[in-house]
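Visitor: Here's a sequence, model it:
(chains A and B)
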Amino acid sequence: MKEASPAKAYALHLGVIALLFALSFVLPEYHHGLLARIMVLAVFAMGYNMLFGYVGLLSLGHAMFFSAGLYGAGLAVIHLGWSVPAAFTAGLACGALLALVIGLLALRTTGVAFMIVTMMFAQVFYLIILYFASWTGGDQGLVVPQSARVLVVGSTSLGLTEPTVRYMSALALFSIVLLVTLVIVRSRYGRVLVAIRENEERTKMLGYDTLSNKLVAVVVSGTICAASGAAYALLFGYVGSTFASVQYSILPLLWVLLGGAATTLGPLIGTLFMYYVVDITSGYTSAYLLIVGIALILLVLFFPKGILGTIRQRWLGWLP
Amino acid sequence: MMPLLTTKGLSRHFGGLRAVDGVDFTLMPGEIRAVIGPNGAGKTTFVSLVSGRIQPSSGMIVFDGADITNLPAYARVRLGVAYTFQITSVFANLTAYDNVALPVQRTLTDGRSKGAVHAGVMAALERTGLADRAHMPAGQLSYGHQRLLEVAMGLALKPRLLILDEPTQGLADSEIDNFIGLVREIAKSATVLLIEHNMPVVMHLADRITVFNVGKILAEGTPEQVRANAEVQEAYLGATPP
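Guide: Here you go, the predicted structure:
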């Protein structure tokens, strides 16, 4: 949002992407796989951050957008035998359409009511998945067959189960979404979104149709989350109803708060941090959730604006 | 000449309270019109009805020949009705620059005019004397500068009708003098509707004055006529001088 240093911001983001690319060649196998998963889920967090961080709309139903992509892509492969690109597109389309409908209904409310309404819709979505168990696999979920997870480019076919292909696919999606987010938040539209967050009434009185601006934001956010879900289904081969449960609506909120709401790189930092705290602590003790909880409390006490949010506030005001 | 703004039988009731009660009002283009009246006379409710922030209970509003009664606020802003808030309502966490960029970019239809936003923002900030504070967060500006920023945002909308709701409230005397000059300058390109309690400001600026009392127009005329009006004196002072 600041006028200064667009070059610096772009250089930083390209640097992060380059670092993630380089890590692919040095990381041990276990961390390599974990980081691929973190990048896909960071896309989920970025989609959430678009709405929560920049527009200030707190949704507790984003699991439904993630799972719209997850099931949209997964079921298209399993039941219809679609190719990977077609299934990914189907996942995106499901997420975008769902976000449009939910946005139209839920944006009639604000504040706490918006939280409750989005959460209720997500519960409905979750129960629908369980109800149609013959197609969705119910609470068991479905495995996307390895043979179908092949990306055909020209004459070469790339198996998405192969670690490097999987890592690079996750990185490609992450990079595209990161740069798209950066462009959006630095654009005039991004400025309007922040204005709505800061003072919606005033934004209306500057001639902005805030409702349609918010609706566009819900659709963009829902589509990004669906992209993450679709990629998850295709890269990791599992489509399950857990991803539609309320837990997966709260997780992106947590990741974004940890990393820093309304920062472009915060979602990645937050997701990375959460995953590794759980990973490291669970290696020492079965009471790892206790340590996770303490870490969260300390973070809220000393970094109330999240890791990147606090860094931006104290040292690097130019961070987007 | 066609009036810029007309209201016919405009009313707004809050339960039993008739905040605005059957107001017929006409404003000619190019005027500086002051709206005065005791507290609770319905001034702010009246301009809120005109700007679309609240919906009327009955009556109609015509702007530049078109019925705008049922238009949402943002659509009225696009027609040229700009409203600056009584309680300073700038975006405190955004810079002064970004505050003004919001209205400027809205009035530009060319999507690639990056230079035009910058030029428009700096023009509005210079007119209000805030150019050297462009990159300060609005919340860190002094109160007087925040009021000026509010006006700059209104100006940046390139309004045909600029509604200023108690713009000099809380300003120092020295700031008020500058402010009077600024409003005169604005009036060259826009019609100004001004709610104001500060009588010297009203008397200096207004071409005509409309006096509200208990939701109705009590009197209307030039500053001299209003000053001499016995009913106005009674409304303000509670008694007719002997």
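Visitor: From now on I want contacts and neighbour counts done on CA atoms only, so please keep to that.
Guide: Noted.
Visitor: show me where the chain has strands.
Guide: Looking at chain A here, since you left the chain open. Under the criterion DSSP state E, chain A carries strands at the ranges A:142-143, A:150-153, A:156-159, A:238-239.
Visitor: Sorry, I should have been clearer: chain B.
Guide: With DSSP E, the ranges of strands along chain B come out as B:5-14, B:17-27, B:32-36, B:58-63, B:66-67, B:81-84, B:161-165, B:191-195, B:208-213, B:216-221.
Visitor: got those strands as a markdown table, with mean pLDDT columns?
Guide: Below are the strands of chain B laid out as a markdown table (pLDDT from 0 to 100):
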| stretch | mean pLDDT |
| --- | --- |
| strand B:5-14 | 94 |
| strand B:17-27 | 93 |
| strand B:32-36 | 94 |
| strand B:58-63 | 96 |
| strand B:66-67 | 94 |
| strand B:81-84 | 91 |
| strand B:161-165 | 93 |
| strand B:191-195 | 94 |
| strand B:208-213 | 93 |
| strand B:216-221 | 92 |
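Visitor: circling back to that earlier point, so which of the strands of chain A is the most packed in?
Guide: strand A:238-239 (a mean of 22; mean count of other CA atoms under 10 Å in any protein chain shown).
Visitor: which neighbours does that one have in its sheet, and in what orientation?
Guide: strand A:142-143 (antiparallel) (DSSP bridges).
Visitor: and chain B, which residues reach chain A?
Guide: Residues of chain B found near chain A (CA under 8 Å from any CA of the partner chain) are B:73-78, B:82-83, B:89-91, B:93, B:98, B:102-103, B:105-106, B:153-154, B:157.
Visitor: follow-up on the earlier one: using CSV, lay out the strands of chain B together with distance to residue A:215 and mean neighbour count.
Guide: Shown next, in CSV, are those (distance: least, CA to CA, whole Å; neighbours: other CA atoms under 10 Å in any protein chain shown):
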stretch, distance to residue A:215, mean neighbour count
strand B:5-14, 31, 19
strand B:17-27, 35, 19
strand B:32-36, 38, 24
strand B:58-63, 29, 19
strand B:66-67, 28, 12
strand B:81-84, 25, 28
strand B:161-165, 30, 25
strand B:191-195, 34, 24
strand B:208-213, 41, 22
strand B:216-221, 40, 18
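Visitor: so which of these gets nearest residue A:230?
Guide: strand B:81-84 (45.6 Å; CA to CA).
Visitor: Only alpha carbons, please: show the closest one as PDB.
Guide: Only the C-alpha atoms of strand B:81-84 are listed here, as PDB (Å, rounded to 0.1, in the frame of the first residue of the first chain):
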ATOM      1  CA  VAL B  81     -23.000  14.500  -4.300                       C
ATOM      2  CA  ALA B  82     -20.100  14.400  -1.900                       C
ATOM      3  CA  TYR B  83     -20.400  14.400   1.900                       C
ATOM      4  CA  THR B  84     -17.700  15.200   4.400                       C
END
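Visitor: could you say what helices and strands that strand packs with?
Guide: Packing partners of strand B:81-84 (3 or more CA pairs under 8 Å, 6 or more residues apart in numbering or on different chains; DSSP states H and E): helix B:43-51, helix B:143-156, strand B:161-165.
Visitor: relative to strand B:161-165, how tilted is the longest one?
Guide: In this case it means helix B:143-156. Here helix B:143-156 points in a direction 160 degrees away from that of strand B:161-165 (axes from the mean of the first three to the mean of the last three CA atoms, to 10 degrees).
Visitor: need the least confident one among the helices and strands packed on strand B:81-84, by mean pLDDT.
Guide: Mean pLDDT values for these show the minimum at helix B:143-156, a mean of 89.
Visitor: coming back round to it: out of the helices and strands packed on strand B:81-84, which comes closest to residue A:228?
Guide: Among the helices and strands packed on strand B:81-84, if distance is taken as CA to CA, the winner is helix B:143-156, at 39.6 Å.
Visitor: Can you list the buried residues in stretch A:225-234?
Guide: For stretch A:225-234, the neighbour count (16 or more other CA atoms under 10 Å in any protein chain shown) marks A:225-234 as buried.
Visitor: All set, thanks.
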